[in-house]
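Novice: Generate coordinates for the sequence data below:
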Amino acid sequence: MYPVHPSMVFSTDDTTLFVFEGQDVSGGEKLGSDSESGSIHGHFTTDTGSHKSGLRVRVTVTMCAGGFLAPLFLTVTGQSEHELPLATCPDGVLIMEVPGLCVGGTVDPRNRNVGYVAFIRGKPDDAI
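Specialist: Residues are numbered from 1 along each chain as shown. Coordinates of the predicted model:
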């Protein structure tokens, strides 16, 4: 065993979220309903088809033992050709810099550190 400088010890945390949007379908099941107030936090239906109605979003945070933190970045996969057209995005990857998208950005609105969002086009037959 030999000592390693703390700046050479890295840790990466990837959290994947499945994000979707749609409309309420009558007869859908209630998710998180409050029986006292009658409010409903969301509706969902069981989908036996593909999961192409949603996006897979991966949040990545990387840091080292020396106390340094890499810029936060999100990866959004499964974009359609309509969302990322070949004419404007020929390689199928669009990267955006977002000021304030950082650890602590929600606590201090003056924090203008930059984070990144990468949109990646999927193949037409990709299952998300």
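
Novice: Need the contact partners of the strand or helix carrying residue 78.
Specialist: According to DSSP states H and E, residue 78 maps onto strand 73-79. Strand 73-79 is contacted by residues 52, 55-60, 92, 101, 115-122, 126, 128 when judged by C-beta atoms under 8 Å, 6 or more residues apart in numbering. Using the backbone N, CA and C atoms, a C-beta is placed for each residue, glycine as well.

Novice: List buried residues within those residues.
Specialist: Buried members of the contacts of strand 73-79, counted by 16 or more other C-beta atoms under 10 Å: 55-57, 60, 101, 115, 117, 119-122.

Novice: how about those residues in a markdown table, adding pLDDT, secondary structure and distance to residue 83?
Specialist: Shown next, in a markdown table, are the buried ones among the contacts of strand 73-79 (pLDDT from 0 to 100; DSSP: H, G, I helix; E, B strand; the rest coil; distance: C-beta to C-beta, whole Å):
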| residue | pLDDT | secondary structure | distance to residue 83 |
| --- | --- | --- | --- |
| 55 | 72 | strand | 10 |
| 56 | 80 | strand | 14 |
| 57 | 88 | strand | 14 |
| 60 | 91 | strand | 21 |
| 101 | 90 | coil | 20 |
| 115 | 93 | strand | 21 |
| 117 | 94 | strand | 13 |
| 119 | 91 | strand | 7 |
| 120 | 91 | strand | 11 |
| 121 | 89 | strand | 8 |
| 122 | 82 | coil | 10 |
